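Peer 1: For reference, the sequence and a predicted model appear below.
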Amino acid sequence: MTLFPELEKRYSRESRPALEAQRLAHEISFGPVLFQVSRLMVKFGILQALLDSGTGLTREEVAGKCGLSPYAAAVLLESSLTIGTVLCKEGRFETSKAGWFLLNDPLVRVNMDFNHDVNYLGWFNLEEALVSGKPAGLRVFGDWKTIYEGLSLLPGHVQKSWFGFDHFYSDSAFDEALEIVFEQRPRALLDVGGNTGRWAARCVARDPGVRVTVMDLPRQIELMKEQTAGLPGADRISGHGADLLDRTTPFPAGFDAIWMSQFLDCFSGEEVTSILARAAKAMDDDARLFIMETFWDRQRFEAAAYCLTQISLYFTAMANGNSKMYLSGDMTRHVEEAGLIVERIVDGLGKGHTIMVCKRKNCSGTMDNCSGTMDNCSGTTGNCSGTMSQCSGTMSQCSGTMDQCPGTMSQCSGTTSHCSGTTSQCSGTMSQCSGTMDHCPGTFDEIDVLELLPQRPPFVMIDRLLHCDMTETRASLRVDENTFFREDNRLTEPGLVENIAQTCAARMGYINKYARHDTVKLGFIGAIRDMEISRLPRVGEVLTTRVEVREEIFQVTLVNASIKVGEELIASCGMKIFTTDISSK
């Protein structure tokens, strides 16, 4: 088993002192209590009330504000104090960092709803499920062989949490996944396990020439048709009802691309091989099969691997009794056993997704000369016929983009920045400003960074904006004892990543506020490339973070980032940022 470096570092040696290990053992023994107490601290509004108070609240004040008895407030607060989600100073309770994440990390909230509404009662039967190989916990909802047969029959709140969980993970990767799948401009795409048709809808909205067939259980096909009815391009979405657990069920032929998103983790290894083998039989040499999964061994951050390995037990007790979140090496083996080969692997999509691009083993030629792919270059990376600046069909399919500027970026008349003069004179720049940047304050020292960021204390990872224009932004952060992601008096790797992301967020907040005269919008990290960290900064050191825009297309921004302490470069990476039209207010 080969793990990404961060996971290898964490899981290959003992890292806890004896007393911390003992504490963890006790936490495990009281695990159900920790979960339910923490869930109710959120549901009853206690954590939010503590956060809003500013100075903390007494037990009696919490009871009054949240409509609880003094007894209920006391037991919840005291339990949470020892869990670590609240702090107590001079009899007044306040939210801790862990409590802040319970409130504000959307992934935590999605996981908590999923585990409470879908899994909690069923996990009591985990032992039986492991022994029998069947989803013994599923009987709390109905008498089905798998949860997928009964999705449309689950109670409304359970369906909401199940689909909320499924879509939160998959949807975050769709923008980047579309770029990869549509590099070859498929005309016919088979969406296997397409569920409610969200991916199919994105495909037909992107390309007016593509037709998508969703292959799923017959009952699920009816739900898909209901969900996609009336959407743009819905007339190009069709359904193909099939039970893929039936090994005699063939795949329909004639598709340029076959898409499987978070689908194969719903089956045992033997079933995965069978499904892929039937897909391979329906493919010709030019077709490609795309497998998108959250392989837990390919996660950059340990917390993601932790979440994914626990989710495997949902499959055990509730879903089907025999599937899991797979190791990438195991999936590669199933691919090869099915008569396919992995052509390339793309990591770092969305919330930790990976795409495996597969083709038939007898596909003529090699990856470097397969027609229509990114590798079909006679010059540089992007299907170029010369240099990147002369590209007429790059992976972004540009025919008049930033790379064909007649001069410098400030002289472009049809580029990403659409400038007709200098940056401060733009009439349709990448920020789409209709005026100028002349309404900015006199100096950057006058700017409160909280006006530019969607984040709020204590989860703010920059404290000053030093410079901002259309191509370059610089910000600073003094690492102190209250800084998030601090461990052993050093800022950890996730803290450096978040510092870079918030510098990008400050740039967009600055553009929105002073150029567009708009509100701050939400955004998220799409991918991180070539991260290099020479050392972790210490408490007391001041970071200067610089992000330089490489390219900006619609709501996707590619940047190069660096972090320095003084003149010492301590970290660098490439980052892809997605912005939304959703206001942070």
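Peer 2: Received the coordinates, thanks. Since we're looking at a predicted model, the values are computed, not measured.
Peer 1: quick check: longest helix of this structure.
Peer 2: Assignment by DSSP state H gives helix 493-511 as the longest helix of the chain.
Peer 1: What is the subsequent helix or strand relative to it?
Peer 2: As assigned by DSSP states H and E, the chain's next helix or strand after helix 493-511 is strand 521-533.
Peer 1: any idea how far that following strand is from the chain center?
Peer 2: Taking C-alpha atoms, centre = their mean, to the nearest Å, one finds the center of strand 521-533 at 10 Å from the center of the full chain.
Peer 1: and the longest helix of the chain, what other elements does it pack with?
Peer 2: Under the contact criterion of 3 or more C-beta pairs under 8 Å, 6 or more residues apart in numbering; DSSP states H and E, helix 493-511 touches strand 464-468, strand 472-478, strand 521-533, strand 542-553, strand 556-565, strand 568-583. Just so you know, the C-beta spots here come from the backbone N, C-alpha and C atoms, and that holds for glycine as well.
Peer 1: rounded to a whole number, what's the mean pLDDT of it?
Peer 2: Mean pLDDT, helix 493-511: 94.
Peer 1: how much does it deviate in direction from strand 472-478?
Peer 2: Per axes from the mean of the first three to the mean of the last three C-alpha atoms, to 10 degrees, the angle that helix 493-511 makes with strand 472-478 is 130 degrees.
Peer 1: what's the angle between helix 493-511 and strand 568-583?
Peer 2: Taking the same axes, to 10 degrees, one finds helix 493-511 and strand 568-583 inclined to each other by 50 degrees.
Peer 1: to the chain's geometric centre, what's the distance from helix 493-511?
Peer 2: 16 Å.
Peer 1: can I have it written out in CSV, keeping just the CAs?
Peer 2: Output in CSV follows, covering the C-alpha atoms of helix 493-511 (Å, rounded to 0.1, in the frame of the first residue of the first chain):
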residue,chain,number,x,y,z
GLU,A,493,0.9,22.9,6.2
PRO,A,494,-2.9,23.3,6.1
GLY,A,495,-2.4,26.8,7.6
LEU,A,496,0.0,27.7,4.7
VAL,A,497,-2.5,26.5,2.1
GLU,A,498,-5.3,28.5,3.8
ASN,A,499,-3.1,31.6,4.0
ILE,A,500,-2.6,31.4,0.2
ALA,A,501,-6.3,30.8,-0.5
GLN,A,502,-7.3,33.8,1.7
THR,A,503,-4.8,36.0,-0.1
CYS,A,504,-6.6,35.0,-3.4
ALA,A,505,-9.9,35.7,-1.6
ALA,A,506,-8.7,39.2,-0.5
ARG,A,507,-7.9,39.9,-4.2
MET,A,508,-11.3,39.1,-5.4
GLY,A,509,-12.9,40.9,-2.4
TYR,A,510,-10.9,44.0,-3.3
ILE,A,511,-12.0,43.8,-7.0
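Peer 1: quick one: buried residues of that helix?
Peer 2: By 16 or more other C-beta atoms under 10 Å, the buried positions in helix 493-511 come out as 493-511.
Peer 1: Which helix or strand in the chain has the lowest average pLDDT?
Peer 2: Every helix and strand in the chain was compared by mean pLDDT, DSSP states H and E; the lowest is helix 5-11, with a mean of 80.
Peer 1: Which other helices and strands does that one contact?
Peer 2: In terms of contacts (3+ C-beta pairs under 8 Å, 6+ apart), helix 5-11 is packed against helix 302-314.
Peer 1: helices or strands next to the helix it packs on in the packing?
Peer 2: helix 5-11, helix 106-114.
Peer 1: next structured bit after the longest one?
Peer 2: This means helix 106-114. Later in the chain than helix 106-114, the nearest helix or strand by DSSP H and E is helix 126-132.
Peer 1: again with the first one
Peer 2: Tracing the chain C-terminally past helix 5-11 and defining elements by DSSP H and E, one meets helix 18-29 next.
Peer 1: can you give me how far that next one is from the chain middle?
Peer 2: That offset, for helix 18-29, works out to 31 Å (C-alpha atoms, centre = their mean).
Peer 1: and that helix, average pLDDT?
Peer 2: 94.
Peer 1: helix or strand right after it?
Peer 2: Helix 18-29 is succeeded, C-terminally, by helix 31-43 (DSSP H and E).
Peer 1: Point out the other elements, helices or strands, that that following helix touches.
Peer 2: helix 46-53, helix 70-83, helix 97-104, helix 106-114.
Peer 1: Report the buried residues of the longest one.
Peer 2: In terms of neighbour count (16+ other C-beta under 10 Å), helix 70-83 has its buried residues at Ala72, Ala73, Leu76, Leu77, Ser79, Ser80, Ile83.
Peer 1: So which bits of the helix or strand following that helix are buried?
Peer 2: Counting by DSSP H and E, the next helix or strand C-terminal to helix 70-83 is strand 86-89. Across strand 86-89, burial judged by 16+ other C-beta under 10 Å covers Val86, Leu87, Cys88.
Peer 1: Over to stretch 266-273?
Peer 2: Per 16+ other C-beta under 10 Å, stretch 266-273 contains these buried residues: Cys266, Phe267, Ser268, Gly269, Glu271, Val272, Thr273.
Peer 1: Please name the residues that touch the fifth one.
Peer 2: Glu271 makes contact with Leu244, Leu245, Asn322, Ser323 under the criterion C-beta atoms under 8 Å, 6 or more residues apart in numbering.
Peer 1: Pull up the gap between the last one and Phe263, please.
Peer 2: Plainly put, Ser323 is 10 Å away from Phe263 if you go by C-beta to C-beta, to the nearest Å.
Peer 1: Roughly how far does the nearest residue to Ala63 once chain neighbours are set aside sit from Trp259?
Peer 2: Take Ala63 and drop its neighbours on the chain: the residue closest to it by C-beta to C-beta, 6 or more residues apart in numbering is Ala73, 3.9 Å away. Ala73 sits 50 Å away from Trp259, going by C-beta to C-beta.
Peer 1: same thing with Leu153?
Peer 2: As defined by C-beta to C-beta, Leu153 lies at a distance of 26 Å from Trp259.
Peer 1: What of Gln48?
Peer 2: 40 Å.
Peer 1: what does Gly574 give?
Peer 2: Using C-beta to C-beta, Gly574 is found at 26 Å from Trp259.
Peer 1: Contact partners for the residue nearest the centre of the chain?
Peer 2: For the chain, the residue nearest the mean C-alpha position is Lys351 (2.0 Å; C-alpha atoms, centre = their mean). Contact analysis of Lys351 by C-beta under 8 Å, 6+ apart lists Leu107, Phe168, Tyr169, Ser172, Ala173, Thr294, Ala304.
Peer 1: and what of Leu264?
Peer 2: Applying C-beta under 8 Å, 6+ apart, the residues near Leu264 are Val272, Ile275, Leu276, Ile291, Glu293, Tyr326, Met331, His334.
Peer 1: confidence score at the first one?
Peer 2: Yep, that's Val272 we're talking about. Listed pLDDT for Val272 reads 96.
Peer 1: helix, strand or coil for it?
Peer 2: Here Val272 is recorded as helix under DSSP: H, G, I helix; E, B strand; the rest coil.
Peer 1: For it, give me its contacts.
Peer 2: Applying C-beta under 8 Å, 6+ apart, the residues contacting Val272 are Leu264, Tyr326, Met331, His334.
Peer 1: now swap in Ser562 and tell me
Peer 2: Thr545, Arg546, Leu569, Ala571, Ser572.
Peer 1: Quickly list what it is bridged to.
Peer 2: Beta-bridge partners of Ser562, counted by DSSP bridges, are Arg546, Ser572.
Peer 1: What pLDDT does the model give it?
Peer 2: At Ser562, pLDDT is 96.
Peer 1: How about Phe163?
Peer 2: The per-residue pLDDT reported for Phe163 equals 88.
Peer 1: from memory it sits against Thr196, does it?
Peer 2: Yes: counting by C-beta atoms under 8 Å, Phe163 touches Thr196, with 7.0 Å between them.
Peer 1: Between these two, tell me which one has more neighbours.
Peer 2: Thr196 (20 against 17; other C-beta atoms under 10 Å).
Peer 1: Okay, now the unreliable bits of the protein?
Peer 2: Scanning the chain with the threshold set as pLDDT under 70 gives 363-442, 554, 585.
Peer 1: Next, count neighbours for the closest residue to Met356 other than its chain neighbours.
Peer 2: In space, and not counting its chain neighbours, Met356 is closest to Ile291: 4.3 Å by C-beta to C-beta, 6+ apart. Counted with other C-beta under 10 Å, residues neighbouring Ile291 total 31.
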